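# 3D model of this:
(chains A and B)
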Amino acid sequence: MTPAEQLRQALAEHASRYGPPQSILGTVAEVQSDAGTCTVKDDDDSPPYYGVRLTPAITTGQNLRIVPKAGSLCLMVRIEGSETDWWLLWAEEIDKWQLHADGAYIEADEQGIKLSRSTDGLREVLTDLVTQILAIYAPKNVAAIQQIQLRINQLLKPA
Amino acid sequence: MYVLTADIKVGPYKAIKPAEMQWQHSVDSYANTASFTIPALCRLVRQGESYSNVNTAAQLAEGMPVQLYAGYNGQNRLVFDGYVSRIKYNVPLQVECEGYSYLLRKKIVNLGYASTTVKQLLNDLIAGTPIKLHPKTADVSLPALRFSRVAGTEVLEYLKKNMLTVTFYGDTLYAGIEQLPVTSENRYRLNWNTVGDDGLSFGPYQGTVVNIKLEKKKADGSRKRAAGPLKPGEKLKRVTADYTEAELKKLQDEQTQKEQLKGFEGSLTTFLIPTAEPGMTANITDGRYAERSGKYFIEEVSGSLGRSGGRQTLKLGRRL
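Numbers count the residues shown, from 1 in each chain, chains lettered A, B, ... in the order given. Below you'll find the predicted structure:
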């Protein structure tokens, strides 16, 4: 490196302590759920921030993943002081929330809640229970139990 | 006999004779600079014997295109092409100029990409200016990028931070992993067609240990490095461009090569002819110290022309 470049680098390192913001409050413009990224707009006069990560690192195994809703207010933070890498820390409204914990899985979105462990899901267990109740016992009120099955189906998603 | 001559074309004015002028080009910098000095007051002869005074500074304006020519016996060659960047209202009048990077310094850009390449980014940057893009400009992939209401030179700075060589050859912008191959060759025989060689510090070759390693941290948290783990004393330089491992290796090799040349660097003062430009080869013949003879890459050329003569100082880089 030439002395001029060394000086420039030293000044840049010094300035970075007081440099650009480490977090930005913006609006989610678009979500690329499959890619694990979203686009965030800071203001209407500037280009948006593309490729903002939904998780600090984009890997296949994620314990917690929150997919924000487009148009939602959000906060993103810089990753390791990088110029280009951002992580969405918080969103006011979300489309989906997923939690993995060693085989156990919970997912919530507008379709309902999914709760499973290995291949067994809560909806399937409750459905089996209702089916068995209807089969082995002559209930007084079949219509009410069928109504419960309907409510289970509305609340829970299949595993 | 050689008579020193020079011309300046600035804005609509042609063939202005300067009192002094300097220029500097380098492959390490995208900003070529120059300055010239002309009288602050001119007198125009009109019909009869009446004279009228003209304030020179009032005729020039920042942003006017400038071309500086220098040579001998009226055989002037173009030594600088750019724009007036600042007028210093001194007596005599001093005018500072900058190469085509001036246009980018003045251009405010608002660019954003989900993913792009260096070529695409630079094409968008130079749109609407007379700047051309060098055909050998690197086609390196870049990650999501955003330049919000910043001077165009910030884009060039970003590329430089990612270890690319960014420079202007006249009105042509080049950004790439390697320095361009040499364009042409000038022959110099020391104490024959050169003025001074005191700056030539040709020590014995000593292998320099380059202590910078390049690394790209990927989105999945894994690291991409040019070569192996860090050794004690080595520094890590992180880049954000999506270089392939081969490109990272090439960048690091280029850096190593530059550092290893330090034992051979030097400068050479010559006359205005032959005209030298960064990127050319200086083929030096030294009758006294044969080990100094050889071909060297010209990294930088700074020239001056004034009452004490015209000179070019060449900063020499790697031995070819």
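# Closest residue of chain A to chain B?
residue A:47 (2.4 Å; Cβ to the nearest Cβ). Backbone N, C-alpha and C define where each C-beta goes, glycine included.
# pretty sure that residue contacts residue B:109?
No - the pair residue A:47 / residue B:109 is not scored as a contact, 9.6 Å apart, by Cβ atoms under 8 Å.
# sorry, back to before: now do the SS call for the residue of chain A closest to chain B.
Of the three states, residue A:47 takes coil under DSSP: H, G, I helix; E, B strand; the rest coil.
# Name the nearest residue to it, ignoring sequence neighbours.
Excluding the flanking residues, the one nearest residue A:47 by Cβ to Cβ, 6 or more residues apart in numbering or on different chains is residue B:112, at 2.4 Å.
# pretty sure the one you found is touching residue B:150, no?
No - contact criterion Cβ under 8 Å: residue B:112 and residue B:150 do not qualify, at 11.8 Å.
# And the helices in the chain, which stretches?
No chain specified, so I'll use chain A. A:3-16, A:122-136, A:142-155 (DSSP state H).
# nope, chain B
Secondary structure of chain B (DSSP H): helices at B:56-59, B:101-106, B:118-126, B:153-161, B:245-260.
# show me what contacts the residue of chain A closest to chain B?
By Cβ atoms under 8 Å, 6 or more residues apart in numbering or on different chains, the contact list for residue A:47 reads B:110-112, B:146-148.
# same check, this time on residue B:34
Applying Cβ under 8 Å, 6+ apart, we find residue B:34 in contact with B:21-24, B:66, B:68, B:79-80, B:82, B:96-98.
# Next: residue B:159.
If a contact means Cβ under 8 Å, 6+ apart, then residue B:159 has B:118, B:166, B:175 as its contacts.
# rerun at 10 Å
Residue B:159 sits next to B:30, B:118, B:121-122, B:125, B:138, B:140, B:142, B:165-166, B:175-176, B:241 when contact means Cβ atoms under 10 Å, 6 or more residues apart in numbering or on different chains.
# Select only the buried ones of those in ChimeraX?
Filtering those down to the buried ones (16 or more other Cβ atoms under 10 Å in any protein chain shown) takes a single ChimeraX command:
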select /B:30,118,121,122,125,138,140,142,165,166,175,176,241
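# among the contacts of residue B:159, which are within reach of chain A?
Contacts with chain A within the contacts of residue B:159, counted by Cβ under 10 Å from any Cβ of the partner chain: B:142, B:241.
# pLDDT added to the contacts of residue B:159, as TSV?
Listed next are the contacts of residue B:159 as TSV, based on pLDDT from 0 to 100:
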residue	pLDDT
B:30	91
B:118	94
B:121	95
B:122	95
B:125	95
B:138	88
B:140	89
B:142	91
B:165	89
B:166	92
B:175	92
B:176	89
B:241	85
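# Take the contacts of residue B:159 and write them to TSV, including distance to residue B:11.
TSV is the format used below for the contacts of residue B:159 (distance: Cβ to Cβ, whole Å):
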residue	distance to residue B:11
B:30	24
B:118	34
B:121	31
B:122	28
B:125	25
B:138	35
B:140	38
B:142	37
B:165	32
B:166	28
B:175	30
B:176	33
B:241	39
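# Quickly name whichever of the contacts of residue B:159 is closest to residue B:104.
Nearest to residue B:104 among those is residue B:125, at 6.7 Å by Cβ to Cβ.
# quick one: contacts for the residue of chain B found nearest chain A?
Chain A sits closest to residue B:112 of chain B, with a gap of 2.4 Å, by Cβ to the nearest Cβ. Residue B:112 makes contact with A:39, A:41, A:46-50, B:144-148, according to Cβ under 10 Å, 6+ apart.
# Give me the buried entries from those.
Counted by 16+ other Cβ under 10 Å, the contacts of residue B:112 give A:39, A:41, A:47-50, B:144-148 as buried.
# still on that earlier bit, give the residues shared as contacts by residue A:47 and residue B:109.
Contact criterion Cβ under 10 Å, 6+ apart; residues shared by residue A:47 and residue B:109: B:147-149.
# on contacts alone, who are the packing partners of the worst-scoring helix or strand of chain B on mean pLDDT?
The helix or strand of chain B with the poorest confidence is strand B:41-45; it has a mean of 74 (mean pLDDT, DSSP states H and E). For strand B:41-45, the packing partners by 3 or more Cβ pairs under 10 Å, 6 or more residues apart in numbering or on different chains; DSSP states H and E come out as strand B:51-55, helix B:56-59.
# same thing but 8 Å
With contacts defined as 3 or more Cβ pairs under 8 Å, 6 or more residues apart in numbering or on different chains; DSSP states H and E, the packing partners of strand B:41-45 are strand B:51-55.
# quick one: the strand it packs on to chain centroid distance?
Its chain's C-alpha centre and that of strand B:51-55 lie 37 Å apart, by Cα atoms, centre = their mean, to the nearest Å.
# for stretch B:222-236, same thing?
Once both centres are worked out by Cα atoms, centre = their mean, stretch B:222-236 turns out to sit 31 Å from its chain's centre.
# can you list contacts of it?
With contact meaning Cβ under 8 Å, 6+ apart, stretch B:222-236 is reached by B:211-218, B:243, B:245, B:248-249, B:251-252.
# Turn those into a markdown table, including pLDDT.
Output for the contacts of stretch B:222-236, formatted as a markdown table (pLDDT from 0 to 100):
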| residue | pLDDT |
| --- | --- |
| B:211 | 67 |
| B:212 | 72 |
| B:213 | 78 |
| B:214 | 82 |
| B:215 | 82 |
| B:216 | 83 |
| B:217 | 83 |
| B:218 | 83 |
| B:243 | 86 |
| B:245 | 82 |
| B:248 | 84 |
| B:249 | 83 |
| B:251 | 84 |
| B:252 | 82 |
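# which of the residues you listed are buried?
B:213-214, B:216-217, B:243, B:248, B:251-252.
# Nearest to residue B:306, out of the helices of chain B?
For these, the distance to residue B:306 is smallest for helix B:56-59, at 18.0 Å, taking Cβ to Cβ.
# just curious, which of the contacts of residue B:34 is nearest to residue A:118?
Closest approach to residue A:118 among the contacts of residue B:34 (Cβ to Cβ): residue B:98, at 67.8 Å.
# dump the residue contacts of the closest residue to that closest one other than its chain neighbours.
Nearest residue to residue B:98 in three dimensions, chain neighbours excluded: residue B:85, at 4.2 Å (Cβ to Cβ, 6+ apart). Counting by Cβ under 8 Å, 6+ apart, residue B:85 touches B:62, B:96-98, B:102.
# Hmm, residue B:131 is touching residue B:170, no?
No - if you go by Cβ under 8 Å, residue B:131 and residue B:170 don't touch, sitting 9.8 Å apart.
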